[in-house]
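*Asks:* Pasting the sequence and the predicted coordinates here, then a few questions.
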Amino acid sequence: MVKLSEIIRKSSGTKYEEKPGLISEAFEIKKSKESLAELKKTYEDMVLHLMLIMDEIKAGKTVAERKLASLAEIITDILRADNNMLLSLVHIFSYLGKQEDFLYAHSVNASILATNLGLAHGYGRSELINLCVSCLVHDIGYLKLPQETINKPSKLTREEFSHVKKHTIFGVELLTRIEGIPECATEVVHQHHEKVDGSGYPDGKRGDEISDYAKIVAIAEVYEAITHPRPYRREKIIPYQAVKTIVQEEKNSFEPELVKVFLNSVSPYPPGSFVLLNSGAIGRVITVNKKLPLRPIVEIFFDADGKPPETPMRIDLAKATVVSIDKALDENDL
């Protein structure tokens, strides 16, 4: 079978406009790529902006909440306009620069996911901004943990994990360095590891004792952590498996109603992921159908014989009802 990387390289240079009947599609592809490139730069700026804020706090300086709010407004307004491409970037980036800086990309990614969940849950703009600000700082307590513990490439000892769990307490302390931080952020920082059955930490809160924002952030940050590499786990788990994990933990860890909303707001087959179709073909997800998230639009990379198609081929699974997804694929296995 031809290597996927080779196909991607060749297809990126294809002159679609020279192929009859594909002019409009070529225009849309070009426009989509340009928009994605612009959004990628915006995303990178978000991570760097948050890193600078966190560096100031770590250095003992006081910062204005407005710095976080301006970032939260950008995330909120992009998601409200069109969440598809921004969510696709979440699945691409685990960190920018050094691997040990994963905390900043994690916080931005989790904030995008949490805000998107809040949007699907029916929150208005001001509520979404507060939720986003709260999630941006949910792991701020990690700033007070030893770097050798955070970046340890193996499983933590019982003592080390016990210390890491204190990041919820440390985080609340660090929030005092952010002028004007809303109360909801304090609740999220303190409660995002609580579980609805009372088995979480630091206080063993359960059910309605946990704030709604903290419940949302709990789902978003667990999903983000599962689908991205960590110092102790270099591989990432494909979104489909992460969704299964969220569902399996629903009764113990998460608010069931919010899990349902989450499953409708984040497809198990996000843009950029690869799937095996029942026809035997392998496709890459291009767009998620919001009303039918299990039936996205896919671009065929390999046909049933393992060969790339001679002409670009896209299938809208919402319309091609005889075609369906057999399973999600890890691109590293292709």
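*Replies:* Right, received. Where do you want to start?
*Asks:* Let me see the domain layout of this structure.
*Replies:* 38-265, 274-333 (automatic domain parsing).
*Asks:* Report the rounded mean pLDDT for the last one.
*Replies:* In other words, domain 274-333. Mean per-residue pLDDT for domain 274-333: 88.
*Asks:* Now render the domains of the chain as JSON lines, adding mean neighbour count.
*Replies:* The C-beta positions use only the backbone N, C-alpha and C, and glycine is treated the same way. JSON lines is the format used below for the domains of the chain (neighbours: other CB atoms under 10 Å):
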{"stretch": "domain 38-265", "mean neighbour count": "18"}
{"stretch": "domain 274-333", "mean neighbour count": "16"}
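*Asks:* which of the ones you listed has the lowest average pLDDT?
*Replies:* domain 274-333 (a mean of 88).
*Asks:* Next secondary structure after whatever helix or strand Cys135 lives in?
*Replies:* Assessed by DSSP states H and E, Cys135 sits inside helix 125-136. Beyond helix 125-136 in the direction of the C-terminus, DSSP H and E gives the next helix or strand as helix 147-150.
*Asks:* Let me know whether Ile315 touches Thr321 as I believe.
*Replies:* No - at 11.0 Å, Ile315 and Thr321 do not qualify as touching, with contact defined as CB atoms under 8 Å.
*Asks:* Just the C-alphas of whichever strand or helix holds His190, formatted as PDB.
*Replies:* In this structure, His190 sits in helix 183-191 according to DSSP H and E. Taking C-alpha atoms only, helix 183-191 is exported to PDB below (Å, rounded to 0.1, in the frame of the first residue of the first chain):
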ATOM      1  CA  GLU A 183     -15.800  33.500  41.500                       C
ATOM      2  CA  CYS A 184     -16.700  30.800  39.000                       C
ATOM      3  CA  ALA A 185     -13.000  30.500  38.100                       C
ATOM      4  CA  THR A 186     -12.200  29.800  41.700                       C
ATOM      5  CA  GLU A 187     -14.900  27.100  41.800                       C
ATOM      6  CA  VAL A 188     -13.600  25.500  38.600                       C
ATOM      7  CA  VAL A 189      -9.900  25.500  39.800                       C
ATOM      8  CA  HIS A 190     -10.900  23.900  43.100                       C
ATOM      9  CA  GLN A 191     -13.500  21.400  41.800                       C
END
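*Asks:* what angle do that helix and helix 125-136 make?
*Replies:* 30 degrees (axes from the mean of the first three to the mean of the last three CA atoms, to 10 degrees).
*Asks:* ok, residues contacting helix 183-191?
*Replies:* Around helix 183-191, the neighbours that count as contacts under CB atoms under 8 Å, 6 or more residues apart in numbering are 130-131, 133-135, 137-138, 140-141, 168-169, 171-172, 175, 178, 202-203, 205, 210-211, 213-214, 217.
*Asks:* what's the distance between the most centrally placed residue in the chain and Glu73?
*Replies:* Residue closest to the mean C-alpha point of the chain, counted by CA atoms, centre = their mean, is Val90 at 4.0 Å. Between Val90 and Glu73 the computed distance is 18 Å (CB to CB, to the nearest Å).
*Asks:* and whichever strand or helix holds Leu119, how far from the chain's centre?
*Replies:* When elements are assigned from DSSP H and E, Leu119 belongs to helix 102-121. Taking CA atoms, centre = their mean, to the nearest Å, one finds the center of helix 102-121 at 6 Å from the center of the full chain.
*Asks:* what's the angle from that helix to helix 183-191?
*Replies:* 120 degrees.
*Asks:* Which elements pack onto helix 102-121?
*Replies:* Contacts defined by 3 or more CB pairs under 8 Å, 6 or more residues apart in numbering; DSSP states H and E place helix 102-121 against helix 23-58, helix 65-81, helix 84-90, helix 125-136, helix 212-226, helix 256-265.
*Asks:* tilt between it and helix 256-265?
*Replies:* Going by the same axes, to 10 degrees, helix 102-121 makes 100 degrees with helix 256-265.
*Asks:* Would you state the strands of the stretch 151-300 of the chain in chain order?
*Replies:* Remark: strands assigned in the stretch 151-300 of the chain by DSSP state E, counting those that start in this stretch are 178-179, 274-277, 282-287, 297-302.
*Asks:* residues contacting the nearest residue to Asn289 once chain neighbours are set aside?
*Replies:* Nearest residue to Asn289, sequence neighbours excluded (CB to CB, 6 or more residues apart in numbering): Ala318, at 4.6 Å. Ala318 sits next to 289, 291-292, 295, 297 when contact means CB under 8 Å, 6+ apart.
*Asks:* One more pass at 10 Å, please.
*Replies:* 289, 291-297 (CB atoms under 10 Å, 6 or more residues apart in numbering).
*Asks:* could those be laid out in CSV, adding distance to Ser111?
*Replies:* As requested, the contacts of Ala318 are arranged in CSV below (distance: CB to CB, whole Å):
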residue, distance to Ser111
Asn289, 25
Lys291, 26
Leu292, 27
Pro293, 21
Leu294, 26
Arg295, 28
Pro296, 24
Ile297, 27
